[in-house]
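> What would the 3D arrangement of this be:
(chains A and B)
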Amino acid sequence: MKKLIIPAFTLMMAAQLYVPASMILDREKVIANGEVFLFATEPIDPRDPFRGQYIRLNFEEDNYVPSDISRFRSEQELFVHLKKDENNIAKITRLSVDKPESGVYLKAQISHIQNDRVYIEYPFERFYMEESKAPQAEKVLRQISGEDEQKALARVYILAGKSVLTDVVINGISLREFGQD
Amino acid sequence: MKIANQLDELLQAGIISDETAEAIKLYYIRKNQQQSNSSRLITAFAILGASLVGLGIILIIAHNWDSLNRTIKTIFAFVPLLIGHGVGIYVLLRKNDNSAWREGVSVFIFFAVAASIAMVSQIYNIPGDMADFLLTWMLLCLPLFYLLHSSITAILYLTGITAYAVAEGYFKTGTNAVWPYWGLLTALIPYYLFLIKRSPSGNFASFFNWLIPISIVICLGLFSHHREELMVPAYLLLLTIFYLIGKTSYFNSIKVVSNGYQVIGLLGSLGMLLFLTFDEFWQAWNDLSIADLLFVSEYWVVVIFIFVAIFLLYKQNWQFSPIHWLVFFIGLIFSIGLINEFLPWLIVNLFYLFSGIWYIRRGSSGNHLVLLNFGLLIIASLVIARFFDANLSFVIRGFLFLLVGTGFFVANYQLLKKRKEQKL
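Residues are numbered from 1 along each chain as shown, chains lettered A, B, ... in the order given. Here you go, the predicted structure:
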């Protein structure tokens, strides 16, 4: 029995290393091979922008009226089909409940349905930032939300339904650098 | 110490005598003691110093976190885990008999697993699902406390799976019975059994004797799906079962303070009975029909518990105390309750009163002050409860209180007088 302890421990170590490693590899694959989409963010709710060390992002393109509303239910898994407009900003083309065979799509969840409109909960609504930089960044985001020209854009890589949020930029400058003043 | 291993061999070969062998052993024991006092202090300072250096490094990294590229960040995410693993192998090979090292490295790995998953989530802005995170974390750490024999980690594991069950079952919609929790709990049992066999009155065994029933009490409610009212008899049966477990020959021999099953079972079931002496519940119960109750998930829980309770009672040779026989009593009142609203209420009140009287008699005849007062407390709580809902005049209620208060004085006085007489 004692002889088994070391091999068993090695197996456990492998499992414990495998889980974070596979999380990383999964997402690196999306970043390496996926397409970049920019999602326009909405103004942050000033009452509760932060929980812990991340900013909650709200997106403009988070609802859609599908042609067949009866197929959708609250809290259901959803596939969002996207295209890019002239500014590379993501726009929804259609929604589906079944996994598509091809095309650019993103796996998300239905938040709720109201007035025949499906509201989407994206898997990248958290943007982690270092705690000390967060208040400054939040201030900046609130300032620009008033102006139409400038928008905070979330940079998201998408591949075969999987998505990875890598950055939030304003006029090409990362939000992380705004926090540095 | 290595020569000590060879002492037996030398002794048998007749090279050294018994006395010499003893003297050598004593010499080394004394030498170890002298070294250990001063080296323990140095070790403590070394650990303190290393911790401060480690914290300093972490803070510097954290401050510059955003300017690091993703690759470096992911490497840092693995560092605590790799350190933990390295030290873990070292401990398994060289320090396996030292419980401080085993517990220490085990707890370190336990938190390092969580830290690496959390850091990766932060790096890639992955949305958090607390329940899934807890489940993954606990699954990865299940072999940990077995391989390193670490009771502290096992306690952390028990806390973690309870937290998982609560996050998954109570805080998400569309609840299910959270079967993984029960599987994970079962996986802990072999370790628990080994612990109570080895040192039944040890500290860790005592901790588990409390934490396991508490965890089960928290998580039983997860079965509540269609008919929440059925959870009342289910919980009452669970507490009865705990009490019966606490009274089995094995557990009955340890200190009461260590016997979580007995205490939780006794106080819990009496508490629930007191709740049932009010009529509100019986009105709600009477509104149900048998068809509502049969074969729902909670129903099976109740049925299984009834069989377990009867089995335990049988194993204890049908010993008599009010709580022992609660299982039959429960079957009786809840069945009647479906038909008649008043009868169960009356029966529960009488039973509760009877329990109080039973403990008083046990206390006075067995010269046991605690049991006597416990019985008196039961009766007092019944009187107070009826104070709130009985439609009696204040005079009568006041009179009842006087009666009970006097009863306290008289019973205690008599018992103490009897003791004095016996001493003389």
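> Would you mind listing what in chain A touches chain B?
Taking CB under 8 Å from any CB of the partner chain as the contact definition, chain A meets chain B at A:5-6, A:8-9, A:11-13, A:15-17, A:19-21, A:23-24, A:27, A:53-54, A:75, A:123-130, A:133, A:164-166, A:176, A:179. Backbone N, C-alpha and C define where each C-beta goes, glycine included.
> 7 Å instead, please
Residues of chain A lying near chain B by CB under 7 Å from any CB of the partner chain: A:5-6, A:8-9, A:12-13, A:15-17, A:19-20, A:23-24, A:27, A:123-128, A:130, A:164-165, A:176.
> Please produce a ChimeraX select command covering the buried subset of those residues.
In ChimeraX, this line selects whichever of the residues of chain A next to chain B come out buried by 16 or more other CB atoms under 10 Å in any protein chain shown:
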select /A:5,9,12,13,16,17,19,20,23,24,27,123,124,125,126,127,128,130,164,165,176
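> Out of the residues of chain A next to chain B, which sit inside helices?
If you go by DSSP state H, the residues of chain A next to chain B have A:5-6, A:8-9, A:12-13, A:15-17, A:19-20, A:23-24, A:27, A:176 in helices.
> nearest to A:R117, of the residues you listed?
The closest of those to A:R117 turns out to be A:R27 (CB to CB; 30.7 Å).
> Tell me who's in contact with B:I218.
B:T162, B:V166 (CB atoms under 7 Å, 6 or more residues apart in numbering or on different chains).
> Secondary structure element for the spatially most central residue of chain B, which one?
The centroid of chain B falls nearest to B:L211 when counting by CA atoms, centre = their mean (1.7 Å). Element membership of B:L211, judged by DSSP states H and E, is helix B:203-220.
> after that helix comes which helix or strand?
Per DSSP H and E, the first helix or strand lying C-terminal to helix B:203-220 is helix B:231-246.
> Mind listing residues that contact that next one?
With contacts defined as CB under 7 Å, 6+ apart, helix B:231-246 is touched by B:213, B:220-221, B:224, B:251, B:259, B:261-262, B:264-266, B:268-269, B:272, B:281, B:298, B:301-302, B:305-306, B:308-309, B:312-313, B:316, B:323-324, B:326-327, B:330, B:334.
> What average pLDDT does it get?
For helix B:231-246, the mean pLDDT works out to 91.
> near chain A, which residues of the stretch 101-250 of chain B?
Within the stretch 101-250 of chain B, the positions adjacent to chain A are B:113, B:116-117, B:120, B:122, B:124-125, B:127, B:136, B:140, B:143-144, B:147 by CB under 7 Å from any CB.
> change it to 8 Å
Checking the stretch 101-250 of chain B against chain A by CB under 8 Å from any CB, the hits are B:109, B:113, B:116-117, B:119-128, B:136, B:140, B:143-144, B:147-148, B:173-174.
> Go ahead and measure how far stretch B:140-147 is from the middle of the chain.
Centroid separation for stretch B:140-147 versus its chain: 20 Å, with CA atoms, centre = their mean, to the nearest Å.
> And the contacts of it?
The contact list for stretch B:140-147 (CB atoms under 8 Å, 6 or more residues apart in numbering or on different chains) reads A:5, A:8-9, A:11-12, A:15-16, A:19, B:92, B:106, B:109-110, B:113, B:150-151, B:153-154, B:156-157, B:160, B:184, B:187, B:190-191.
> Could you do stretch A:106-124 as well?
Under the contact criterion CB under 8 Å, 6+ apart, stretch A:106-124 has outside partners A:39, A:57, A:59, A:62-66, A:69, A:72-80, A:82, A:95, A:154, A:156, A:158, A:161-165, B:125-127.
> Only the C-alpha atoms, please, for that stretch, written as CSV.
Output in CSV follows, covering the C-alpha atoms of stretch A:106-124 (Å, rounded to 0.1, in the frame of the first residue of the first chain):
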residue,chain,number,x,y,z
LEU,A,106,-20.9,32.7,-29.9
LYS,A,107,-22.3,30.6,-27.0
ALA,A,108,-24.1,32.7,-24.5
GLN,A,109,-27.1,32.5,-22.2
ILE,A,110,-30.5,34.1,-22.2
SER,A,111,-30.9,36.5,-19.3
HIS,A,112,-34.6,37.1,-19.7
ILE,A,113,-37.2,37.7,-22.4
GLN,A,114,-39.3,40.8,-22.4
ASN,A,115,-41.8,42.1,-25.0
ASP,A,116,-40.7,39.4,-27.5
ARG,A,117,-37.1,40.6,-27.1
VAL,A,118,-34.4,38.2,-26.0
TYR,A,119,-31.9,39.7,-23.6
ILE,A,120,-28.5,38.1,-23.7
GLU,A,121,-26.0,37.4,-21.0
TYR,A,122,-22.5,37.2,-22.5
PRO,A,123,-19.7,35.1,-21.0
PHE,A,124,-17.4,38.1,-20.9
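> in that stretch, what counts as buried?
For stretch A:106-124, by 16+ other CB under 10 Å, it's A:L106, A:K107, A:A108, A:I110, A:S111, A:I113, A:V118, A:I120, A:Y122, A:P123, A:F124.
> Repeat that for stretch A:94-102.
Across stretch A:94-102, burial judged by 16+ other CB under 10 Å covers A:L95, A:S96.
> what do you get for stretch B:23-38?
Going by 16+ other CB under 10 Å, stretch B:23-38 has these buried residues: B:I24.
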